[in-house]
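Asks: Okay, sequence plus prediction incoming.
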Amino acid sequence: MKVGIPKEIKNNENRVGMTPGGVYELVKNNHEVFIQTTAGDNSGFSDEAYVNAGATILNTIEEVYQVAEMIVKVKEPIEKEYDLIKKDQIVFTYFHFASSEALTKAMIKSKAICIAYETVEDKDGGLPLLTPMSEVAGRMSIQQGAKYLEKPVKGRGLLLGGVPGVSPGKVLILGAGIVGMQAAKMASGLGAQVTILDIDMKRLRYANDVLPNNCVTEFSNEYNIRTNVKTHDLIIGGVLLKGKKAPNLITRDMLKTMKPGAVIVDVAVDQGGCVETTKPTTHEDPIYIIDDVVHYSVANMPGAVPYTSTLALTNVTTSYALKIANMGWEKALASDEGLKKGLNISKGEVIYKEIIETFDWV
Ligand SMILES: NC(=O)C1=CN([C@@H]2O[C@H](COP(=O)(O)OP(=O)(O)OC[C@H]3O[C@@H](n4cnc5c(N)ncnc54)[C@H](O)[C@@H]3O)[C@@H](O)[C@H]2O)C=CC1
Ligand SMILES: CC(=O)C(=O)O
Ligand SMILES: [Mg+2]
């Protein structure tokens, strides 16, 4: 199969869809790999390393999309890429369709085969291709939150860990999944007081078992959220309803009850966000303020730490890309129920029903 790796063009998206090691595996299996020049530079992989692994370097994004039977990338195609995608082309990447009706309509129109990393499942119903980026974003959410609590960047002027004689800050985490647990680990390590909420008692029991004593668990319901937002300094949004728009757990009216200068990092922004006032931002311009509450909602947080994120992502995506290339997409999906869950849109038809529900197309 001819596999194409374009350079990412979303704002500050520095990851790349495949490492030279992944290219080497594909080439060893008699596939051809075409990569756009400098696509790997920001992740630490030179054109030379890709050539040594057996790839052909192409000068433009247009050439990559033109030649490839399968595109392997990182972020959802952005508007400039819509028309480059061809009928029957396999596009293997994050899509997060529920957050963009425009992207969904464009991919339907393209008649491409859209296999979304974020809905591929493993045998236990876990999300193996989302997990490593949620680990990155969960850990980063505390770094970013701590930074935006500083006064010069409009925060409350609070040091999250406190100092001897001064209480630490309080962190509220919505969702005890991958993002939530990694955030709890980082925040508790800094010495903050952490409250983590979920609707899944199994997740809360696990959190209670493994997290240190400065983390407490509470069931997630409107009453507990309303009560907690008033007293916490930093809120992390890490909820997910697979394939669907995230629920608005923090509503506009709750902001007025929060401490002035409190920070919300809504990691769930890529599924539309779990805060009513969330709108996607970029690494270039990551925050905005509503009712004195700082909102950080960058939809590609891991793109800022590409040395870590490209390796973590491709550690898990490469074997699936190889399977699709070796078997063809139809046989590969038929042989693997979990990979089949990744098929969101195929040849103009929406396969993943949660997308249809999200846009009220039923
Ligand atoms: N902004 C970014 O750069 C990135 C965003 N993400 C996003 O972060 C979100 C979370 O991802 P994961 O942690 O991997 O998902 P996950 O599935 O591991 O965890 C989500 C948790 O939310 C819980 N939940 C569902 N409804 C809830 C409610 N009403 N209240 C409290 N908890 C609730 C679930 O029970 C589950 O434990 C996803 O939307 C994912 O796409 C992930 C990586 C990077
Ligand atoms: C999952 C996701 O949105 C990201 O890694 O950018
Ligand atoms: Mg206020």
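Replies: Received, thanks. Ligands and ions are numbered 1, 2, ... in the order given.
Asks: Skip the chain neighbours and tell me the closest residue to Ala102.
Replies: Leaving aside its sequence neighbours, Ala102 sits nearest to Glu79 (C-beta to C-beta, 6 or more residues apart in numbering; 7.7 Å). Using the backbone N, CA and C atoms, a C-beta is placed for each residue, glycine as well.
Asks: Tell me how far the one you found lies from Asp122.
Replies: Note on Glu79: its distance to Asp122, by C-beta to C-beta, to the nearest Å, is 32 Å.
Asks: Which of the two has more residues huddled nearby?
Replies: More crowded of Glu79 and Asp122, by other C-beta atoms under 10 Å: Asp122, with 16 against 10.
Asks: where does the more buried one land in three-state SS?
Replies: State at Asp122, reduced to three classes by DSSP: H, G, I helix; E, B strand; the rest coil: coil.
Asks: Surely it is in contact with Pro128?
Replies: Yes: Asp122 lies in contact with Pro128 (C-beta atoms under 8 Å); the separation is 4.7 Å.
Asks: Excluding sequence neighbours, find me the nearest residue to Gly342.
Replies: Counting by C-beta to C-beta, 6+ apart, the residue nearest Gly342 is Val120, at 3.9 Å.
Asks: re the thing from before, joint contacts of Asp122 and Pro128?
Replies: Common contact partners of Asp122 and Pro128 (C-beta atoms under 8 Å, 6 or more residues apart in numbering): Gly338.
Asks: that older thread, how much space between the residue nearest to Ala102 and ligand 3?
Replies: 35 Å (C-beta to the ion, to the nearest Å).
Asks: pretty sure Ser297 contacts Thr278?
Replies: Yes: between Ser297 and Thr278 there is a contact under C-beta under 8 Å: 4.9 Å.
Asks: Buried residues, the helix or strand of the chain with the lowest mean pLDDT. List them.
Replies: When each helix and strand of the chain is scored by mean pLDDT, DSSP states H and E, helix 353-358 comes last, with a mean of 92. Going by neighbour count (16 or more other C-beta atoms under 10 Å), the buried part of helix 353-358 is 354-355, 358.
Asks: Just list the residues touching Ser188, thanks.
Replies: Counting by C-beta under 8 Å, 6+ apart, Ser188 makes contact with 194, 211-212, 214-215.
Asks: could I get the residues you listed as CSV with distance to ligand 1?
Replies: Converted to CSV, these look like this (distance: C-beta to the nearest ligand atom, whole Å):
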residue, distance to ligand 1
Val194, 15
Leu211, 14
Pro212, 19
Asn214, 20
Cys215, 15
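Asks: Tell me the buried residues within the residues you listed.
Replies: 194, 211, 214-215.
Asks: State the pair within the residues you listed that is farthest apart.
Replies: Distance extremes for the buried ones among the contacts of Ser188: the farthest pair is Leu211 and Asn214 at 8.3 Å, using C-beta to C-beta.
Asks: so what sits against both of those two?
Replies: 188, 194.
Asks: on that earlier part again, among the contacts of Ser188, which are in strands?
Replies: Of these, the ones assigned to strands by DSSP state E are 194, 215.
Asks: Closest one to ligand 3 out of the contacts of Ser188, please.
Replies: Using C-beta to the ion, Val194 is the member of the contacts of Ser188 that lies nearest ligand 3, at 21.9 Å.
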